[in-house]
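1. predicted structure and sequence below. I'll ask about it afterward.
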Amino acid sequence: MAPIIEPRDGDAEDDFSSTKKRSLLAIAGSLLGEINLPKLALAWVILALVPGVLLGLAPLVATAWFTSVADRLFALAGIGSLLLLALIAVAGWYGFRPLLRLAERSFWSLNSLAVQPVYALCREGLRHLAEGFLSAGANEDKRAFLRAATAVGAGLLASAGAAAVAGLAWPA
């Protein structure tokens, strides 16, 4: 009796994710049917939006705190201000590294949840579009050049989008 799935013929789910038999839009539609949209929205808010807002608020909070501390330092006179400055320096010395590690982890989490998916979507979309112009008998060198060109194009496209968002947000 022949096995139900023959692993030597390829992946059992190859037909579902193959762009040779299905369009990218059909693959996205089937993926959309498998996703729970409210859970996806909640996960995106918790994992991407909240860290992004916190990273955006951190400089404002630090500036407000520094202004408050500076005002209090100027209000004190004599040796009290020096002692307070030494106390703040010691707290900064011991608290700087954990705070820096926390900010770095948050930055890389935001990068992996927001930036990398946009880049991958641009790259795969460009690759899907560009392969339509490639001849059926194209050799591996042409395909490698196409993959490299779509990766560069996706990076430029994602950078242009980020620059546009930054340009729109800059006046505010």
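-> Great, that's in hand.
2. return the alpha-carbon coordinates of stretch 58-68 using PDB.
-> Extracted in PDB, the C-alpha atoms of stretch 58-68 (Å, rounded to 0.1, in the frame of the first residue of the first chain):
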ATOM      1  CA  ALA A  58      10.800  57.700  27.000                       C
ATOM      2  CA  PRO A  59      12.700  60.800  25.700                       C
ATOM      3  CA  LEU A  60       9.800  63.100  26.800                       C
ATOM      4  CA  VAL A  61       9.700  61.600  30.300                       C
ATOM      5  CA  ALA A  62      13.500  61.700  30.600                       C
ATOM      6  CA  THR A  63      13.500  65.400  29.600                       C
ATOM      7  CA  ALA A  64      10.700  66.300  32.000                       C
ATOM      8  CA  TRP A  65      12.400  64.400  34.800                       C
ATOM      9  CA  PHE A  66      15.700  66.100  34.000                       C
ATOM     10  CA  THR A  67      14.000  69.500  34.000                       C
ATOM     11  CA  SER A  68      12.400  68.800  37.300                       C
END
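3. remind me which residues of this protein are low pLDDT?
-> 1-20, 73-81 (pLDDT under 70).
4. could you point out the helix or strand that follows the longest helix along it?
-> Longest helix in the chain by number of residues (criterion: DSSP state H): helix 79-110. Using DSSP states H and E, the helix or strand that follows helix 79-110 towards the C-terminus is helix 116-131.
5. flag every buried residue along that next one.
-> Y119, C122, R123, G125, L126, R127 (16 or more other Cβ atoms under 10 Å). Where C-beta positions appear, they are placed from N, C-alpha and C, glycine not excepted.
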